[in-house]
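Enquirer: Got a sequence here, can you model it:
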Amino acid sequence: MTISDDVEPIARAFADPEARARLRLRHAAAARADVARVHPTWLARALREESPAVRATVAARGPAGLDRLLRADAPLVAPDRPPHPEILDWVLALWTERLVGGADRDDDPPVIVALTRLAPFAAFRLWRAVGLVKSALAGEADEPWVEERLGPPAPDVRAWAARDAEAARRAGATGRRALALLGLVSAFRLLPECEPFVMRRALQRLPYPIVRRVRTIAPPTARQVPAAVRLEGTILRAAWNRLYEEGRTDVLHPPEDPS
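Expert: Below is the predicted model:
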């Protein structure tokens, strides 16, 4: 394969007016984050390296509750004079530049749908159910329906699931939170298969400390194991469908991509 082989399909795509229009719309959506869909801890993190004046300005005029998070990091010093209107407009327009925006799409993978379109409690319930499936595969939870639906786990699958369960325990969570944390490990294995900015947008729905915690259990790797990725997708689908059948969620698992 030559460089021209790689460039030619890209050039054809850019020659299509409809493709260019779709790209412009996606870029515009990604460039402007909807702070209502971003967990406040990510907002505070976006301001961590800003000057005291910028932090105080956004705290006073930004989303509700942001000032409390910023004060937890460092004292907020009130400016000694009102900001210049033009500078104020720039600050309020640019302070979210470290965040990623984007719009929901019909072809979003199931893991993106789970992270971005479920209410917080519904999402917790789903990731706890995913953790329960993995715990059952590890032989640590008595859930007969898991084997009925997925079949008896092979020894290597059982050992793989047990390693994840042990890593979640070492992270210090207990009870339902430990299962939800274990479920999020599955999410973090599926996310690298998504487009990077879509993955970042989805992660912004979770509390930033939780993201850091799960990354210690399932750190990103240079090479994903396809079989493990497929298994994680199967686990997510099984847990999601089970919740739907039990009437514990009204959101269906998205259809599988035939490709």
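Enquirer: Would you mark the buried spots in the helix or strand where Met199 lies?
Expert: Using DSSP states H and E, Met199 falls within helix 196-203. Within helix 196-203, the residues that count as buried by 16 or more other Cβ atoms under 10 Å are Phe197, Val198, Met199, Arg200, Arg201, Ala202, Leu203. Every residue, glycine included, has its C-beta placed from N, CA and C.
Enquirer: Which strands or helices does it pack on?
Expert: Contacts defined by 3 or more Cβ pairs under 8 Å, 6 or more residues apart in numbering; DSSP states H and E place helix 196-203 against helix 110-117.
Enquirer: Helix or strand next in line after the helix it packs on, which one?
Expert: That would be, after helix 110-117 and using DSSP H and E, helix 120-137.
Enquirer: close enough to count as contact, Asp104 and Thr116?
Expert: Yes - Asp104 lies in contact with Thr116 (Cβ atoms under 8 Å); the separation is 6.6 Å.
Enquirer: quick revisit: got JSON lines for the buried residues of helix 196-203, with distance to Leu231 and pLDDT too?
Expert: Converted to JSON lines, these look like this (distance: Cβ to Cβ, whole Å; pLDDT from 0 to 100):
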{"residue": "Phe197", "distance to Leu231": "26", "pLDDT": "88"}
{"residue": "Val198", "distance to Leu231": "22", "pLDDT": "91"}
{"residue": "Met199", "distance to Leu231": "19", "pLDDT": "93"}
{"residue": "Arg200", "distance to Leu231": "24", "pLDDT": "92"}
{"residue": "Arg201", "distance to Leu231": "25", "pLDDT": "93"}
{"residue": "Ala202", "distance to Leu231": "20", "pLDDT": "95"}
{"residue": "Leu203", "distance to Leu231": "22", "pLDDT": "96"}
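Enquirer: and which of those residues is nearest to Asp108?
Expert: Distance to Asp108 across these (Cβ to Cβ) is lowest for Val198, with 7.3 Å.
Enquirer: ok, the closest one to Gln204 distance?
Expert: Separation of Val198 from Gln204 (Cβ to Cβ, to the nearest Å): 11 Å.
Enquirer: Give the buried residues for stretch 114-121.
Expert: The neighbour-count check on stretch 114-121 (16+ other Cβ under 10 Å) flags Ala114, Leu115, Thr116, Arg117, Leu118 as buried.
Enquirer: hmm, which helix or strand of this protein has the shakiest average pLDDT?
Expert: Least confident helix or strand, the chain: helix 3-15 with a mean of 54, by mean pLDDT, DSSP states H and E.
Enquirer: can you give me the helices for the chain?
Expert: 3-15, 17-31, 40-46, 52-61, 66-73, 85-94, 110-117, 120-137, 144-150, 155-170, 175-190, 196-203, 208-217, 226-245 (DSSP state H).
Enquirer: Looking at the last one now, give me its mean pLDDT.
Expert: Think helix 226-245. Here helix 226-245 scores 94 as its mean pLDDT.
Enquirer: same check, this time on stretch 204-220
Expert: On average, stretch 204-220 scores 89.
Enquirer: Show residues contacting it.
Expert: 33, 37-39, 41-42, 44-45, 99-100, 115-116, 123, 164, 167-168, 171, 181, 184-185, 187-189, 192, 203 (Cβ atoms under 8 Å, 6 or more residues apart in numbering).
Enquirer: Recalculate using a threshold of 6 Å.
Expert: Applying Cβ atoms under 6 Å, 6 or more residues apart in numbering, the contact partners of stretch 204-220 are 38-39, 41-42, 45, 115-116, 167-168, 171, 184-185, 188, 203.
Enquirer: Please produce a PyMOL select command covering the buried subset of these.
Expert: To isolate the buried members of these in PyMOL, using 16+ other Cβ under 10 Å:
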select buried, resi 38+39+41+42+45+115+116+168+171+184+185+188+203
